[in-house]
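J.: would you be able to build a 3D model of this:
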Amino acid sequence: MTMNNMKEKCSVCHRPWGGCSVCHRPWCCSLGLWHTDRNDRVACGTQATATPCYFSQSSLPLSMFARRLASHALLSVVVLSFVVSLMLSAAIALAYTRSTEILLYKNYIKGYRNIQSAQEYFFSLQLQTPVNLTLDLYQTGDDSVQIRSCHWGLWEAAGFKSAVFGTRSIEKSMIYGCLPADKFKSALWMSQVSYGVGLTGSAHIKGDCYISEGGVRTDINVGGYASTISKHLEGNSYKCDPLTIVSTEQQQQYLNNLQQGNFNAVFTQPEMYADKISDTMYRSFSQPTLCIMLDAVKVNLASAHIKGNCILYSKQPLSIPASAKLEQVQIIAPTVFIEPGFTGSIHVLASDSIYVAENVVLQYPSSLVLNIQTFKVNGTNITIKNTAIVNGLIYSYQAVPDMQRSLIRIAERAGTTGIIYSNGLVELKGRHTGNITTAGFQYKNHEQTLTNVLPMGTMDFTALSKHFVVPDLLHKKSMYQTACWIEE
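T.: Numbering: from 1, shown residues only. Predicted structure coming up:
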């Protein structure tokens with residue numbers, strides 16, 4: 001092959017040709033291909049030889065296979081190394097994630113235990129509400145729990161916050177009170193009557209009764225209300241000291257501040273909302289109380305889902321739709337109407353009236369509080385209609401005597417559980433499980449009005465759970481108990 005031939009270029013790759021070290025036949029060193037097309041034919045030997053030599057592509061030199069095998073082996077090693085490194089990285093990441101999850105789990109368990117210990121210690125201190133403190137449980141600096149407490153209606157509320165890992169923390173809130181005092185360990189307590197209470201018709205009391213004068217009378221005759229049961233009283237009737245049912249000055253000032261919207265006097269650094277807010281929110285009691293002024297803030301209660309440390313305040317009568325989802329929320333307005341079908345746990349404070357419609361379920365611990373500070377010509381009342389259920393506290397206090405006393409009406413097919421406390425009157429037609437402390441009873445129909453005579457209705461203290469927690473209405477510094485925990 002001449003030097004001119006050696007310097008020729010391949011028509012495929014346009015690179016200089018090389019030659020075989022054995023026969024010197026030309027081949028493309030770049031592609032490793034034999035060129036047998038007409039343009040790439042080259043004579044073997046000298047330029048004078050006329051016979052062209054053709055070789056198939058399968059007749060490649062052995063060194064070519066060796067180089068190819070070496071290149072494939074190197075590529076395989078690189079790929080395999082990459083795959084192994086990926087698998088090792090995934091295994092390390094999985095192990096790290098698993099160890100982090102185990103650490104978080106242990107820290108969460110530790111945090112919940114710290115909160116439980118802080119709650120027990122907090123109850124033992126018997127501190128006066130409100131409270132804002134941090135407890136270092138074991139004096140190590142690693143087990144601190146922040147505690148905030150406040151009055152919540154006539155109950156108490158507290159929030160606990162414990163650090164877990166980094167910026168993560170656990171928050172738990174609770175409503176608490178105390179076990180019923182001796183005064184409330186009875187079916188009936190009437191300390192302001194002179195002639196006792198009469199039972200006739202289907203009226204029935206299960207439990208002891210404490211009455212200032214007259215006791216329980218079952219031998220009365222009232223026209224149209226003949227006895228329909230053989231035993232109206234299953235329990236004993238005792239005489240109690242004639243005492244006026246009162247509310248402490250401190251409690252009255254607290255309720256007045258709430259009704260006037262003076263929240264700074266009640267809560268520690270309360271937060272006010274004057275703009276539109278989300279209809280869905282959860283507020284821990286370890287945070288400042290959130291006061292939502294409904295006269296200035298647009299909240300769609302029909303689609304609202306509000307839980308925890310929130311107050312809904314209105315200077316106008318307020319209606320609670322059946323579709324509203326409210327849990328341990330305070331509602332303050334002159335008049336509150338709870339629409340048929342509503343279910344939730346709320347603490348209502350009103351100055352005129354509270355109306356609980358049919359099929360309403362107020363879950364434990366709820367409260368209906370009527371606090372009357374001014375003279376009302378037409379009287380005030382709490383009305384609980386048929387098929388409604390109220391669990392917790394029903395409270396009515398009239399600071400100024402009216403021509404008509406405040407009245408708690410419980411319809412014939414309504415059910416209430418807990419404590420009824422009133423210095424006014426109670427009209428009981430349905431069933432109450434727990435204690436009733438009242439100044440008197442009233443029964444009214446189209447024909448007559450009966451005073452301190454019950455022709456129907458049931459009072460049953462024996463069916464109340466021994467673990468039922470009530471607000472500390474008498475401020476006896478009783479040992480606190482948890483009524484419920486509020487979860488996020």
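J.: and the longest helix along the chain, what does it pack against?
T.: Taking DSSP state H as the criterion, the chain has its longest helix at helix 62-125. Here helix 62-125 touches strand 131-136, strand 144-152, strand 155-165, strand 168-178, strand 480-486, going by 3 or more CB pairs under 8 Å, 6 or more residues apart in numbering; DSSP states H and E. Quick note: C-beta positions are derived from backbone N, CA and C, even for glycine.
J.: now tabulate those strands in CSV and tack on distance to residue 281 and mean neighbour count.
T.: Formatted as CSV, the helices and strands packed on helix 62-125 follow (distance: least, CB to CB, whole Å; neighbours: other CB atoms under 10 Å):
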stretch, distance to residue 281, mean neighbour count
strand 131-136, 22, 13
strand 144-152, 17, 21
strand 155-165, 15, 22
strand 168-178, 14, 21
strand 480-486, 13, 17
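J.: can I get those strands in CSV with distance to residue 469 and mean pLDDT?
T.: What follows is the helices and strands packed on helix 62-125, written out as CSV (distance: least, CB to CB, whole Å; pLDDT from 0 to 100):
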stretch, distance to residue 469, mean pLDDT
strand 131-136, 19, 85
strand 144-152, 13, 90
strand 155-165, 9, 88
strand 168-178, 5, 90
strand 480-486, 4, 90
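J.: count the neighbours of residue 418 for me.
T.: Using other CB atoms under 10 Å, residue 418 is surrounded by 25 other residues.
J.: again with the one 10 residues further on
T.: By the criterion of other CB under 10 Å, residue 428 has 25 neighbours.
J.: check contacts around it.
T.: Residue 428 is in contact with 410, 436, 441, 454, 456-457, 459, counting by CB atoms under 8 Å, 6 or more residues apart in numbering.
J.: and it, bridged to which residues?
T.: residue 410 (DSSP bridges).
J.: distance from the chain centre to the longest helix of the chain, please.
T.: From the chain centre to the centre of helix 62-125 is a distance of 35 Å (CA atoms, centre = their mean, to the nearest Å).
J.: Throw the helices and strands packed on helix 62-125 into a markdown table and include distance to residue 189, thanks.
T.: Formatted as a markdown table, the helices and strands packed on helix 62-125 follow (distance: least, CB to CB, whole Å):
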| stretch | distance to residue 189 |
| --- | --- |
| strand 131-136 | 31 |
| strand 144-152 | 24 |
| strand 155-165 | 21 |
| strand 168-178 | 17 |
| strand 480-486 | 21 |
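J.: ok, which of those strands comes nearest residue 72?
T.: Comparison of these against residue 72 by CB to CB identifies strand 155-165 as nearest, at 49.9 Å.
J.: which secondary structure elements does the closest one sit against?
T.: Strand 155-165 packs on helix 62-125, strand 144-152, strand 168-178, going by 3+ CB pairs under 8 Å, 6+ apart.
J.: which among these is found nearest to residue 355?
T.: Comparing the helices and strands packed on strand 155-165 by CB to CB, strand 144-152 comes nearest, at 22.3 Å.
J.: doesn't residue 416 belong to a strand?
T.: Yes - counting by DSSP: H, G, I helix; E, B strand; the rest coil, one finds residue 416 located in a strand.
J.: number of nearby residues for it?
T.: The number of residues near residue 416, taken as other CB under 10 Å, comes to 26.
J.: swap in the one 5 residues further on?
T.: A total of 27 residues lie near residue 421 under the criterion other CB under 10 Å.
J.: test my guess that it contacts residue 393.
T.: Yes - contact criterion CB atoms under 8 Å: residue 421 and residue 393 qualify, at 7.2 Å.
J.: this completes my enquiry, with thanks.
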